[in-house]
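Engineer: give me coordinates for this.
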Amino acid sequence: MDKSSLIGTIIGCVCFGFVAYHASHGHLTMFLSLEGVFTVFGGSISVVFMAMPLSRVTAVFGYCKRFMFHRAPDPVDVVKMVVSFSEKARRDGILALESEVKNVNDPFVSSALRMAIDGLDSSAIEATMRMEILAMQERHKSGKKFFDLIKLYGPGWGLVGTLIGQIGMFGQLGGSVEAMGQMLALAVTATMYGTVLANAVAGPMGDKLALRSSEEILGREMVLQGILSLQAGDNPRVTMDRMVAFIPNAQRGKLKAA
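Structural biologist: This next block holds a predicted model:
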């Protein structure tokens, strides 16, 4: 589980719940407006369906899972693995790595390593793996786009609910005070729903997915450089140096310790 996502979610919920409870003196139902829910959440969902293909919309649960449960390989472990392959290839020949491919869990690493073992030219390996990186980047953009749409149009639908509530309130002038209060509640809660949805849910989730995507792209670029160095027969130290360039200085100490 992504600890920072969990901590941020808990802090946001606790702070919002604390303020809402004290503002309502324990009567939290005053923040519930079915009309506002239908307007903001229903309207935002409709925008997503209009703007994105159905196959991308149905992947929303996968996007949420990546937000809360992100399991990325440790870059230090990846460097150590590729360097060990480089040492074995330099000692026993690159064909000796055939037995290692089946033990690699990362499809990207195993694919690049298999092409190197098969004797493909380095330019062919690089072109193929870069196309895979590009395809992955486009898939990740779909997840970011989903939350960007919610962030963009959620407050807009909140404004729609506000305007509807105000029109309904003006239509009740001189009539029932209860009906006027209900329309006023719709106007205020719709704005609140749209603002919370955009700034406390969709915005942070989209930004986290974009960050994870950039980290994964950088990690795959690191692997690609390592495999190309291995395929060229470079010294394992050179291979490690090319890969370490992608790792922050704070994490390079782990490699030195290893």
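Engineer: residues contacting the residue most central in space within the chain?
Structural biologist: A centroid search over the chain (C-alpha atoms, centre = their mean) returns residue 209, at 1.7 Å, as the residue closest to the centre. Residue 209 is in contact with 63, 66, 67, 140, 143, 144, 147, counting by C-beta atoms under 8 Å, 6 or more residues apart in numbering. For every residue, glycine as well, the C-beta is placed using N, CA and C.
Engineer: apply 6 Å and report the result again.
Structural biologist: Residue 209 makes contacts with 143, 144, as judged by C-beta atoms under 6 Å, 6 or more residues apart in numbering.
Engineer: quick one, domains of this protein?
Structural biologist: 1-31, 33-258 (automatic domain parsing).
Engineer: that older thread, before we move on, what SS does the residue nearest to the centre of the chain have?
Structural biologist: Here residue 209 is recorded as helix under DSSP: H, G, I helix; E, B strand; the rest coil.
Engineer: okay, it: pLDDT?
Structural biologist: As predicted, residue 209 sits at a pLDDT of 89.
Engineer: ok, the residue nearest to residue 208 when sequence neighbours are not counted to residue 54 distance?
Structural biologist: Sequence neighbours aside, residue 67 is the residue nearest to residue 208 in space, at 5.6 Å (criterion: C-beta to C-beta, 6 or more residues apart in numbering). Per C-beta to C-beta, to the nearest Å, residue 67 is found 21 Å from residue 54.
Engineer: where's residue 161, which helix or strand?
Structural biologist: Element membership for residue 161, per DSSP states H and E: helix 122-171.
Engineer: ok, then the element right after that helix?
Structural biologist: Immediately after helix 122-171, counting by DSSP H and E, sits helix 177-196.
Engineer: roughly how far is that next one from the heart of the chain?
Structural biologist: Distance, stretch centre to chain centre, for helix 177-196: 32 Å (C-alpha atoms, centre = their mean, to the nearest Å).
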